[in-house]
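Student: here is a sequence together with a model predicted from it:
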Amino acid sequence: MTDLARWLSAQTQDDTLAGVILSMAGAGAEIAGVLQQAPIAGQTGPAGATNVQGEAQKALDIISNDIVLNHLRQNPHVSILVSEELDEAVEMSSQGGFIVATDPLDGSSNLDVNVTVGTIFSVLPAAGGPLQAGRVQCAAGYVAYGPATSLVVRIAGDTSVFTLDGAGTWRLTLAAARVPEATGEFAINTARERFWDAATRGYVHESVAGETGAAGKRYNMRWVGSMVADIHRILMRGGIFLYPLDSETAAKGGRLRLLYEANPMAWLMEGAGGRSSTGRQDILDVAPTAIHQRVPVILGSAEEVRRVEDWYRRG
Ligand SMILES: O=P(O)(O)OC[C@H]1O[C@](O)(COP(=O)(O)O)[C@@H](O)[C@@H]1O
Ligand SMILES: [Mg+2]
Ligand SMILES: [Mg+2]
């Protein structure tokens, strides 16, 4: 029995849910192999197409989407697939008990510079349809394609980390990730400062002031521009990630997508003792109205997320 199969059987008695996670783990392992050869195969560039959200697709966005689709098509327990790269929700098996929502390749603008990208997924109960709050997720995870390929997954208990070995087997490398309560590291795209609201501005200025400001301690800033990479760093050593609502993204509701970026990351953070927020409510309580809905995202070390929420309460 592999580490992943053993972990799954300890986390859930539902073999069909375990099977959905194994399908996503299989897709992740296959995508990892494709990414490792992509510069040789000349696949890191644009596909020449745009997705339903008007974003230019990379060839690897489409290839990764097809890989996920193929793996899930072989699983009779998936009823619907929602993907960043597919305009509409796709009907899969009519008998399936689960919906999978995925960002097949997150951070794909980083592909041509060989920086970590990832695959994010959320598993929902089929009965409620795709538009259910993140709170009811059955499981969530991501695969980070970095120096090592990591699978981070949570059903309802701990958030655990597996690493792909040379034989293509997922080995358990961290049974229960814990995000430190406090942090001295924040992640935000500061080039967007002129669009920020008062709360984001207040929080970042207070942090940049370091030991001379109200926070009373020094901060460092990190921004990979690949959500999976930024969240993985935060999961492993603490920090806070912000993609808040700003005046440029306000009309769309934010930048990042609720079903397949924010919800799964919030679920994983919760399992590791972290916190997630839109600034005004827990991300997991947001009721979706559309499959590609966007949402403000603030998540990571609990104490730090609370500091941002305090700024929103003041505003
Ligand atoms: O270009 P910006 O504003 O830094 O945004 C970066 C964010 O956009 C994303 O790339 C969006 O995800 P996709 O690459 O899947 O569209 C996140 O991974 C990342 O955190
Ligand atoms: Mg993404
Ligand atoms: Mg993507």
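Tutor: Structure received. Residues are numbered from 1 along each chain as shown. Ligands and ions are numbered 1, 2, ... in the order given.
Student: please count neighbours and contacts with C-alpha atoms only from this point.
Tutor: Fine.
Student: what helices or strands is the strand or helix carrying residue 34 leaning on?
Tutor: Taking DSSP states H and E as the definition, one finds residue 34 inside helix 15-41. Applying 3 or more C-alpha pairs under 8 Å, 6 or more residues apart in numbering; DSSP states H and E, one finds that helix 15-41 contacts helix 3-11, helix 59-73, strand 139-145.
Student: so how far is it from its chain's centroid?
Tutor: In terms of C-alpha atoms, centre = their mean, to the nearest Å, the centre of helix 15-41 is set 16 Å apart from its chain centre.
Student: near ligand 1, which residues of this structure show up?
Tutor: Contact residues, the chain versus ligand 1 (C-alpha under 6 Å from any ligand atom): 103, 105-109, 189, 225-227.
Student: of the residues you listed, buried ones?
Tutor: With burial judged by 16 or more other C-alpha atoms under 10 Å, the buried subset of these is 103, 105-109, 225-227.
Student: just the pLDDT for residue 56.
Tutor: Residue 56 is assigned a pLDDT of 85 by the prediction.
Student: that one reaches residue 62, doesn't it?
Tutor: No: with contact defined as C-alpha atoms under 8 Å, residue 56 does not reach residue 62; the gap is 10.9 Å.
Student: can you pull the residues that touch both of the two?
Tutor: residue 47 (C-alpha atoms under 8 Å, 6 or more residues apart in numbering).
Student: please say which of the two ends up with more neighbours.
Tutor: residue 62 (18 against 15; other C-alpha atoms under 10 Å).
Student: which ones are touching the more buried one?
Tutor: Applying C-alpha under 8 Å, 6+ apart, the residues near residue 62 are 47, 85.
Student: ok, now how distant is it from residue 45?
Tutor: Note on residue 62: its distance to residue 45, by C-alpha to C-alpha, to the nearest Å, is 11 Å.
Student: quick one: the helices in this protein, in order.
Tutor: Along the chain, the stretches classed as helices by DSSP state H are 3-11, 15-41, 59-73, 198-208, 227-237, 263-271, 302-314.
Student: just to revisit the earlier point, mind listing which of the residues of the chain next to ligand 1 are in strands?
Tutor: 103, 105-106 (DSSP state E).
Student: can you narrow those to ones near ligand 3?
Tutor: When contact is defined as C-alpha under 5 Å from the ion, those meet ligand 3 at 103, 105-106.
Student: next, the angle strand 139-145 makes with the helix holding residue 34.
Tutor: Relative orientation of helix 15-41 and strand 139-145, computed by axes from the mean of the first three to the mean of the last three C-alpha atoms, to 10 degrees: 20 degrees.
Student: thinking again about what came up before, need the max-distance pair from the buried ones among the residues of the chain next to ligand 1.
Tutor: 103 and 225 (14.9 Å; C-alpha to C-alpha).
Student: quick one: the nearest residue to residue 230 once chain neighbours are set aside from residue 308, how far?
Tutor: Of all residues not flanking residue 230 in the chain, residue 224 sits nearest, at 6.0 Å (C-alpha to C-alpha, 6 or more residues apart in numbering). Relative to residue 308, residue 224 is positioned 21 Å away (C-alpha to C-alpha).
Student: so these two - more neighbours on which side?
Tutor: Shown here are residue 224 and residue 308; by other C-alpha under 10 Å, residue 308 has more neighbours (24 against 18).
Student: isn't that one up against residue 279?
Tutor: Yes: the criterion here is C-alpha under 8 Å, and residue 308 meets it with residue 279 at 6.7 Å.
Student: just checking, what packs against the lowest-mean-pLDDT helix or strand in the chain?
Tutor: Taking mean pLDDT, DSSP states H and E as the measure, strand 46-50 is the helix or strand of the chain with the lowest mean score, a mean of 85. With contacts taken as 3+ C-alpha pairs under 8 Å, 6+ apart, strand 46-50 sits against strand 56-58, helix 59-73.
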